[in-house]
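Participant: Show me the folded form of this:
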Amino acid sequence: MHKVDDKSDQPRRILAVFNPAAGSRRRSRFDRVIAAAREAGCRVTEMETTSPGHAEAIARDVSSDDFDIIAAAGGDGTVNEVVNGLQGKSLAIGIIPLGTANVLADEIGLGRSPAVIAQTLARGTIRPVHVGSVNGRRFVMMAGAGFDADVVRGVSVALKKRLGALAYVWQAAVQAFKRSPPPCEILIDGQPYTAASVVVCNGRRYGGPFIAAPDASLADDRFHVVLMAGTGWIASARYGTALILGRISKLHDVKLVIGREVVILGQIGRPVQADGDIVATLPTEIGVVPDPIRLVFPV
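Facilitator: As a prediction, this is how the structure comes out:
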């Protein structure tokens with residue numbers, strides 16, 4: 001990736017978008033990041049969201065005449081909303097990881113230190129990053145269908161608040177003991193495949209720090225598609241263990257295919273997830289967005 005001209009000699013004008021429902025602990029972390037960013041010379045404007053989708057609306061209305069960076073303060077969902085709201089705009093995206101999971105923050109090695117996050121916003125390099133789309137809606141890190149999306153659909157907001165990331169582990173166990181639906185049929189650049197679960201990876205990580213596609217890169221305009229054939233609780237346990245160990249792509253019943261266009265067919269109406277939220281149902285088309293976004297990377 002090449003560094004983009006980011007006017008680094010000028011104080012950065014940052015719009016920080018934060019969900020006040022995140023809780024007092026996350027509010028405290030957010031406040032520390034903002035204070036440190038201001039100490040580093042940034043001109044920071046704070047804006048609170050009031051409902052789901054509000055971060056996307058804020059990003060859609062913001063102007064590059066007023067700000068250089070819009071910082072998404074939250075988890076994967078907040079980042080996804082900002083990315084979708086900024087379609088057609090040149091503003092860079094910064095990350096203040098606060099949510100249940102922030103896979104993009106893990107992918108770029110941002111960490112959770114308020115001081116490091118603030119320095120990244122103030123002086124980090126701005127680079128182009130390729131993103132994908134599901135039926136026209138953008139995603140940054142991953143999209144999926146089959147068992148993967150069934151788990152996401154089963155995790156309620158209340159369960160996430162109570163268990164955090166463990167909510168997905170619990171729901172995966174629940175789904176593993178249910179009767180398996182028919183497998184998905186997948187076309188990757190026109191070539192046919194079949195799998196019980198498919199994860200379209202735009203980067204290496206899935207679900208947090210776990211490596212699903214070790215050779216994928218945000219700098220590449222191609223997806224690394226992970227196809228899992230197994231069903232049932234034994235297969236789910238194997239996949240979960242292999243994911244934690246960073247070896248899921250090595251399993252005998254897992255295939256990794258590289259491509260730019262993915263069509264997923266299967267049981268009509270079955271959910272499709274992107275960046276951890278349900279965004280569509282089968283059948284669906286997933287492709288690489290021609291114009292990359294601009295992302296702030298750690299110094």
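Participant: would you list every one of the helices in the protein?
Facilitator: 24-39, 54-61, 76-85, 103-107, 114-123, 147-154, 157-163, 166-176, 232-244 (DSSP state H).
Participant: would a markdown table of these with distance to residue 195 be doable?
Facilitator: For glycine as for every other residue, the C-beta is placed from the backbone atoms N, C-alpha and C. Shown next, in a markdown table, are the helices of the chain (distance: least, Cβ to Cβ, whole Å):
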| stretch | distance to residue 195 |
| --- | --- |
| helix 24-39 | 36 |
| helix 54-61 | 31 |
| helix 76-85 | 23 |
| helix 103-107 | 21 |
| helix 114-123 | 37 |
| helix 147-154 | 9 |
| helix 157-163 | 27 |
| helix 166-176 | 16 |
| helix 232-244 | 11 |
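Participant: List the contacts of stretch 175-189.
Facilitator: 145-147, 150-151, 154, 192-198, 225, 227, 229, 231-233, 235-237, 257, 259-267, 270, 282 (Cβ atoms under 8 Å, 6 or more residues apart in numbering).
Participant: no, scratch that, I was asking about stretch 41-53
Facilitator: With Cβ under 8 Å, 6+ apart as the criterion, stretch 41-53 contacts 11-20, 34, 37-38, 55, 58, 67, 78, 81, 118, 121-122.
Participant: Below-threshold pLDDT in the stretch 101-250 of the chain: ranges please.
Facilitator: 159-161, 163-167, 170 (pLDDT under 70).
Participant: go again using 90 as the cut-off
Facilitator: 101, 111, 147-148, 151-182, 207-209, 233, 240, 244 (pLDDT under 90).
Participant: Can you name the residues that contact the closest residue to residue 172 other than its chain neighbours?
Facilitator: Spatial nearest neighbour of residue 172, chain neighbours left out: residue 151 (4.9 Å); criterion: Cβ to Cβ, 6 or more residues apart in numbering. Contact partners of residue 151, counting by Cβ under 8 Å, 6+ apart, are 168, 171, 172, 175.
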